[in-house]
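Q: Based on what follows, work out the 3D shape:
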Amino acid sequence: LKLAVYKSLVNNPYVNLAVEEWLFREKPKETSLFLWRNCPTIVIGKHQNAWKEINIPKMEQEKVLLSRRYSGGGAVFQDLGNTNYTFVSPAKEYDKHKNNRIVIRMLRSFGLEAVASGRNDILIDGKKISGVAFQRSPQAIIQHGTLLLNVNLGRLSTLLCPDKAKLLSKGVASVASRVANISSLVPRGVAAPDHERVCAALHKAFDEEYGQHRRTPCRDLGLKDLAALPAIARSARQLGSWDWIYGKSPAHKHAVSNRFPWGSVEFHFDCIGGRISECPQSGASGASTGLAMFSDSLQPAVMDAIRLALSPGTPFTAQAVRDALGQVARRLEAAPLSGNDKEECLRQVADISSWLPEALNAYN
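A: Here you go, the predicted model:
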């Protein structure tokens with residue numbers, strides 16, 4: 001049995017998830033423990049819909065990162081008050097209960113009695129302090145989880161909330177759970193565990209579970225160490241890309257509407273992979289588009305031009321829609337319209353441009 005312990009010295013979620021993937025792909029014969037934590041980040045499961053799980057505008061406003069992992073499961077908020085642990089085992093030697101025992105043994109060293117329960121959770125006094133997810137291949141299995149030491153729970157509750165707009169999804173919605181910080185549960189007289197102490201206790205519990213009488217050496221992974229591993233850099237670039245984070249979202253629909261002095265408008269978006277899809281909604285050009293529009297405006301040229309600008313493949317983001325509407329204004333400015341009609345068309349485009357991008361963000 002070959003045991004290994006790794007600890008990340010960086011807080012970048014894309015790099016840390018890339019290290020997991022490196023261990024999973026390159027070290028499948030090791031039984032390893034990887035310890036890490038991230039700067040403020042939301043991590044969603046491989047098949048989740050980012051638009052359904054997250055208050056995206058608030059996330060961007062607070063400069064919280066978004067990451068999509070390779071494993072399944074639900075969305076989690078992480079900051080430096082959270083410790084992540086990853087067990088990587090050869091597939092034939094994988095034992096979920098053994099891994100859970102390591103975490104429970106670690107918690108017991110701080111005077112806490114925990115149990116593995118239900119949907120892959122670890123509970124203390126009925127409160128969830130850790131959630132677990134999995135990734136499998138014929139060669140190896142990952143079991144990884146979070147440990148809520150002293151996470152900003154207020155941020156967690158405002159960032160992780162399903163939208164209230166007309167968003168329909170075939171993705172997996174996170175199960176709302178009652179969570180608590182470990183720091184609030186430790187017995188009186190016991191110092192609340194921090195990241196370094198938890199890492200040391202997990203390392204010790206790992207060795208004890210596998211009957212190691214000597215401490216398994218821990219390999220610290222700093223930026224210089226990681227730079228020497230090209231596979232990690234490649235994976236980190238993919239994990240940080242828009243196409244991976246948003247483009248892997250399942251099909252969803254979104255509808256917004258508003259009324260202006262000149263009339264009402266409705267926009268119905270069909271999206272796949274984070275982009276406006278090709279659906280049987282015929283635009284003015286006869287092309288298929290994942291956008292259906294309805295309006296009682298007396299200037300049909302406005303709606304026709306917007307439909308052409310928001311073509312299939314346009315990212316379903318406020319900035320992409322804002323850029324497309326900017327193109328509409330420039331095209332109408334150059335169009336052969338009479339003075340009054342042109343002025344009215346430009347006014348309507350300006351009104352829609354001020355409203356629509358924000359409406360796509362205003363989920364909560």
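Q: Can you get me the start-to-end distance on stretch 332-341?
A: Distance between the boundary residues of stretch 332-341 (Cα to Cα, to the nearest Å) amounts to 10 Å.
Q: who touches that stretch?
A: Counting by Cβ atoms under 8 Å, 6 or more residues apart in numbering, stretch 332-341 makes contact with 299, 301, 302, 305, 342, 345, 346, 349, all of which sit outside it. The C-beta positions use only the backbone N, C-alpha and C, and glycine is treated the same way.
Q: Which of these fall in helices?
A: Judged by DSSP state H, the subset of the contacts of stretch 332-341 located in helices is 301, 302, 305, 342, 345, 346, 349.
Q: Just flag the most distant two among those.
A: Farthest pair in the ones in helices among the contacts of stretch 332-341 (Cβ to Cβ) is 305 and 342. Separation: 12.1 Å.
Q: picking that back up, residue 181: which of the ones in helices among the contacts of stretch 332-341 is nearest?
A: Distance from residue 181 was checked for each of the ones in helices among the contacts of stretch 332-341 by Cβ to Cβ. The minimum falls on residue 349, at 49.0 Å.
Q: What is the neighbour count of the closest one?
A: For residue 349, the number of neighbouring residues by other Cβ atoms under 10 Å comes to 24.
Q: now the strands for the stretch 201-350 of the chain?
A: Taking DSSP state E, counting those that start in this stretch to define them, one finds strands in the stretch 201-350 of the chain at 218-221, 252-260, 263-272, 275-276, 281-282, 288-289, 291-295.
Q: Could you tell me the end-to-end distance of stretch 271-290?
A: Terminal residues of stretch 271-290 lie 7 Å apart, using Cα to Cα.
Q: wait, stretch 65-75
A: End-to-end distance for stretch 65-75: 13 Å, by Cα to Cα.
Q: list the buried ones in it?
A: Within stretch 65-75, the residues scored as buried using 16 or more other Cβ atoms under 10 Å are 65, 66, 67, 68, 69, 70, 71, 73, 74, 75.
Q: Which pLDDT value does the model give the last one?
A: According to the per-residue confidence, residue 75 scores 87 in pLDDT.
Q: mind listing what it touches?
A: 42, 43, 44, 45, 48, 53, 54, 160, 174.
Q: Tell me the pLDDT of the fifth one.
A: With respect to pLDDT, residue 48 scores 81.
Q: Could you pull up phi and psi at it?
A: Backbone torsions for residue 48, taken as degrees, to the nearest 10, come to phi -90, psi 160.
Q: Roughly how far does it sit from residue 61?
A: Applying Cβ to Cβ, to the nearest Å, one obtains 21 Å for the distance of residue 48 from residue 61.
Q: ditto for the third one
A: Per Cβ to Cβ, residue 44 is found 18 Å from residue 61.
Q: likewise the first one?
A: Distance, residue 42 to residue 61, using Cβ to Cβ: 13 Å.
Q: Compare neighbour counts for these two and give me the winner.
A: Comparing residue 42 with residue 61 by other Cβ under 10 Å, the one with more neighbours is residue 42, at 25 against 10.
Q: Could you export the contacts of stretch 332-341 as TSV, including pLDDT and distance to residue 324?
A: Rendered in TSV, the data for the contacts of stretch 332-341 read as follows (pLDDT from 0 to 100; distance: Cβ to Cβ, whole Å):
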residue	pLDDT	distance to residue 324
299	83	18
301	82	16
302	87	13
305	89	10
342	86	20
345	88	16
346	92	16
349	92	11
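Q: Tell me the one of those nearest residue 138?
A: Proximity of the contacts of stretch 332-341 to residue 138 was ranked by Cβ to Cβ; the top entry is residue 305 with 52.8 Å.
Q: Quick one: name whatever helix or strand follows the helix or strand encompassing residue 52.
A: For residue 52, the enclosing helix or strand under DSSP states H and E is helix 50-53. Helices and strands here follow DSSP H and E; after helix 50-53, the next one along the chain is helix 56-61.
Q: Direction included, what does the next helix or strand after that next one pair up with?
A: Counting by DSSP H and E, the element after helix 56-61 in chain order, helix or strand, is strand 65-68. Here strand 65-68 has these sheet partners by DSSP bridges: strand 41-44 (parallel).
Q: Can I get the strand it pairs with as CSV, trimmed to CA atoms?
A: Taking Å, rounded to 0.1, in the frame of the first residue of the first chain, the C-alpha atoms of strand 41-44 are listed here in CSV:
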residue,chain,number,x,y,z
THR,A,41,-15.4,30.8,-4.3
ILE,A,42,-18.6,29.1,-5.3
VAL,A,43,-17.9,25.6,-6.6
ILE,A,44,-20.7,23.9,-8.5
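Q: Now do it, average pLDDT.
A: Summarised as a single mean, pLDDT over strand 41-44 is 94.
Q: follow-up on the earlier one: quick one, which of the strands of the stretch 201-350 of the chain is nearest to residue 7?
A: Using Cβ to Cβ as the criterion, the shortest distance between residue 7 and the strands of the stretch 201-350 of the chain is 5.3 Å, found for strand 218-221.
Q: Show me what that closest one packs onto, helices and strands only.
A: For strand 218-221, the contact count by 3 or more Cβ pairs under 8 Å, 6 or more residues apart in numbering; DSSP states H and E identifies strand 3-8 as packing neighbours.
Q: mind checking how far the helix or strand following the strand it packs on is from the chain centre?
A: Stepping forward along the backbone from strand 3-8, the first helix or strand reached (DSSP H and E) is helix 13-26. From the chain centre to the centre of helix 13-26 is a distance of 16 Å (Cα atoms, centre = their mean, to the nearest Å).
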